[in-house]
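Chemist: sequence and predicted structure are below.
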Amino acid sequence: MAHELVDPPLDPARYPFSHPIRVRFAETDAMGVVHHASYIPWLEETRVALLAHGGHDYAEVHSGGLDLAVVDVAARYRRSVKFGDPVVVHAGVAEISRTLLQIAYLVTVGDDVALTGVTTHACVNREGRPLRVPEWLMDLAEGDTALRP
């Protein structure tokens, strides 16, 4: 699937949703910083919370036969995060088409940007076959979960 990734804004005010994360010691590496792979579950946790904020509990979405398969993850690491840092993941629906959804993320520690990221999702059924993006998801891209201009 060829698609152009959005460029996540660096201003937290552009994001309609924020989610605090507690950095666990187990998420750090031998250098005492958060391991690069630990950010991906943070994005997933925030994405599920963003959908719930938009009125769509992911467990209900899944039980209804729809999944949002991750087809692309992009992350730019900008600052180290350490155990005990107060982390906030900001998120917003950035782009949507008939078949794909992109969510932009900004991970901050205080006023510092630690990471920018984008996840791209395809709507699929339980067998993994592509589905059209449902209307309620299109509405999220224009509602209070959309990335602000």
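Modeler: Good, I have the coordinates.
Chemist: low-scoring pLDDT stretches of this protein, where are they?
Modeler: Across the chain, the ranges flagged by pLDDT under 70 are 1-2.
Chemist: tell me the buried residues in the longest strand seen in the chain?
Modeler: Secondary structure assigned by DSSP state E gives strand 112-124 as the longest strand of the chain. Neighbour counts over strand 112-124 (16 or more other Cβ atoms under 10 Å) mark 113-124 as buried. C-beta: built from backbone N, CA, C; applies to glycine.
Chemist: what does stretch 17-30 give?
Modeler: 17-19, 21, 23, 27-28.
Chemist: mind putting those residues into JSON lines with distance to T108 and secondary structure?
Modeler: Below are the buried residues of stretch 17-30 laid out as JSON lines (distance: Cβ to Cβ, whole Å; DSSP: H, G, I helix; E, B strand; the rest coil):
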{"residue": "F17", "distance to T108": "13", "secondary structure": "strand"}
{"residue": "S18", "distance to T108": "9", "secondary structure": "strand"}
{"residue": "H19", "distance to T108": "11", "secondary structure": "strand"}
{"residue": "I21", "distance to T108": "10", "secondary structure": "strand"}
{"residue": "V23", "distance to T108": "13", "secondary structure": "coil"}
{"residue": "E27", "distance to T108": "17", "secondary structure": "helix"}
{"residue": "T28", "distance to T108": "18", "secondary structure": "strand"}
